[in-house]
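Student: sequence and predicted structure are below.
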Amino acid sequence: MGEILRADLEALRVMAAGVRGEAGTISGIDPVDLVASVGRAMPNSAIGSAAVGVGEPLLSALHGMAERLRGMAEAAENGATTYENADRVFAEQLERYLHGPL
């Protein structure tokens, strides 16, 4: 597969699966309680004050990163499928040119 286009379809699919797995890992990170505990442990410090409000924005950023990675995985999978389909069509067309109708 992918011979005419010289695309490594398996590598694209493996990458998609790996990136999707990393997105799942990132989605599982919930720093809100951990960061809030830092804030509670240091109530009279600048770090403690900053920690109190950073949990939710950090969680939002992590979820955004995971969604972008899922989009990358989907694009890689779609690319593999598109290359595979294009390769098949090109091969069929070449066969018709060389040997007549299939």
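Tutor: Looks like it came in fine.

Student: every contact and neighbour count from this point should use C-alpha atoms.
Tutor: Will do.

Student: what packs against the helix or strand hosting residue 66?
Tutor: When secondary structure is defined using DSSP states H and E, the element that contains residue 66 is helix 46-99. Packed against helix 46-99, as judged by 3 or more C-alpha pairs under 8 Å, 6 or more residues apart in numbering; DSSP states H and E, are the following elements: helix 9-27, helix 32-41.

Student: closest to the centroid, which residue in the protein?
Tutor: Centrality entry for the chain: nearest residue to the mean C-alpha point is residue 69, 2.5 Å, by C-alpha atoms, centre = their mean.

Student: so who does that one touch?
Tutor: The contact partners of residue 69, by C-alpha atoms under 8 Å, 6 or more residues apart in numbering, come to 19-20, 22-23.

Student: and it, how far from residue 39?
Tutor: In this structure, residue 69 and residue 39 are 30 Å apart, going by C-alpha to C-alpha, to the nearest Å.

Student: need the contact list for residue 17.
Tutor: So residue 17 contacts residue 73 (C-alpha under 8 Å, 6+ apart).
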